[in-house]
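Asker: Based on what follows, work out the 3D shape:
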Amino acid sequence: MKLSKSVLAGSLATAGIVLGAIAPALTAQAATTTGSVDDNGNVTGLATADDAAKHGGLAIAYEDGGKTTTTSEATMNSNANVKVADGVLMLNEVPDFGFGTAAIGSKVNLQENKYSNQESESNNNSAVQIIDSRKSAAGFKLTAGITGFSSTDKSAAVQPFTLNLGKTALLDGDGANITTANTGSAANDALNTDAISISGKDADAVGDPGTIATLAKDTYKTGVINASYAPKDDNVSLDLSKGSQISGTTPSVKSYNAKITWTLTATPTVEP
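Answerer: As a prediction, the model looks like this:
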């Protein structure tokens, strides 16, 4: 039996809560012009299109008084690029969670998926995105755990605020549910995440993780799999009441952060 390694991604939660993809390098392409700009800013036509860099750097489709030159055109080039995953299961994105300003003892809903000090793996995303490019839908498990919330200036005690992630649909890149079931009831066939509530007591150690999804073999479509946690979904909240206490005699407003670790584990497969 061969076990695939788990894939972990870190993200950040703030109250001030918060919870990633690199594009291939682009190659510069030369623009062409049929208009030449001299040092005085005057434009004259060219008989044939030429490298724009040699004629003032502008891509001009030249015409003179409504009359065009023989090849009155200008061109510019751009790039299309993609990273192609083949035969792998991977975490491609994890979300950032921002809860704005809250009072101790309260419960607040998600306000935004942005934060200026996000973890290196996150990028102000609003969804967990998994890419399963294996030859078959072999199954996987997704979990999340969180540290305690610590103040950014480290002057206050760590707080065990509770992050609640509600149920959300598992959708492909076209927004359709990834289920392969077909009983005639879309509601019953749909694959969704499970709701979890997670918290931590230590600033540097993740608390007990919650299981967000466990998908069995051949129950889902491979490819891009999204679980959305955006404000519009109304499925993310932060509870600042359970076990939380802010001590101090001076009124204050402090930002608190917690690190969330998302773990994707491939289902073990038996080698033939």
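Asker: do you know how far residue 219 is from residue 236?
Answerer: Residue 219 is 26 Å from residue 236, where distance means Cβ to Cβ, to the nearest Å. In this view, the C-beta of every residue, glycine as well, is placed from N, C-alpha and C.
Asker: domains of this structure?
Answerer: 7-25+83-266, 32-68 (automatic domain parsing).
Asker: of all those, which lies closest to residue 76?
Answerer: Between residue 76 and the domains of the chain, the shortest gap by Cβ to Cβ is with domain 32-68, which sits at 5.2 Å.
Asker: Mind checking the pLDDT average for the closest one?
Answerer: Confidence over domain 32-68, taken as the mean pLDDT, stands at 89.
Asker: I'd like the numbering to begin with 41 instead of 1 from here.
Answerer: Right, with 41 as the first residue, what we last looked at is domain 72-108.
Asker: Sheet-wise, list the partners of the longest strand belonging to the chain with their directions.
Answerer: If each strand of the chain is counted by residues according to DSSP state E, the longest one is strand 296-306. In the sheet containing strand 296-306, its partner strands are strand 47-54 (antiparallel), strand 180-186 (antiparallel), strand 190-191 (antiparallel), by DSSP bridges.
Asker: what comes up buried for the second one?
Answerer: If I follow you right, that is strand 180-186. 180, 182, 183, 184, 185, 186 (16 or more other Cβ atoms under 10 Å).
Asker: Does the residue nearest to residue 100 when sequence neighbours are not counted lie in a helix or a strand, and which?
Answerer: Using Cβ to Cβ, 6 or more residues apart in numbering and skipping the chain neighbours, the partner closest in space to residue 100 is residue 75 (3.1 Å). Assigned by DSSP states H and E, residue 75 belongs to strand 72-77.
Asker: How far does that strand sit from its chain's centre?
Answerer: Centre-to-centre, strand 72-77 and its host chain are 42 Å apart (Cα atoms, centre = their mean, to the nearest Å).
Asker: go on, stretch 237-246?
Answerer: Offset of stretch 237-246 from its chain centre (Cα atoms, centre = their mean): 22 Å.
Asker: What's the end-to-end length of that stretch?
Answerer: In terms of Cα to Cα, to the nearest Å, the two terminal residues of stretch 237-246 are separated by 13 Å.
Asker: And for stretch 97-117?
Answerer: Looking at stretch 97-117, the gap from its leading to its trailing residue is 14 Å under the measure Cα to Cα.
Asker: What mean pLDDT does stretch 244-251 get?
Answerer: Computed over stretch 244-251, the average pLDDT equals 96.
Asker: What are the buried residues along it?
Answerer: Residues of stretch 244-251 classed as buried by neighbour count (16+ other Cβ under 10 Å): 246, 247, 249, 250.
Asker: got the buried residues for stretch 87-100?
Answerer: For stretch 87-100, the buried set under the neighbour-count rule, 16+ other Cβ under 10 Å, comprises 89, 90, 92, 95, 96, 99, 100.
Asker: now stretch 272-292
Answerer: Residues 273, 275, 276, 277, 278, 279, 280, 284 are the ones in stretch 272-292 that count as buried (16+ other Cβ under 10 Å).
Asker: In the beta-sheet assignment, what are the partners of the spatially closest residue to residue 150 that is not a sequence neighbour?
Answerer: Taking Cβ to Cβ, 6+ apart, and ignoring the residues beside it in sequence, residue 150 has residue 276 as its nearest neighbour in space, at 3.9 Å. As for beta bridges, residue 276 partners with residue 205 under DSSP bridges.
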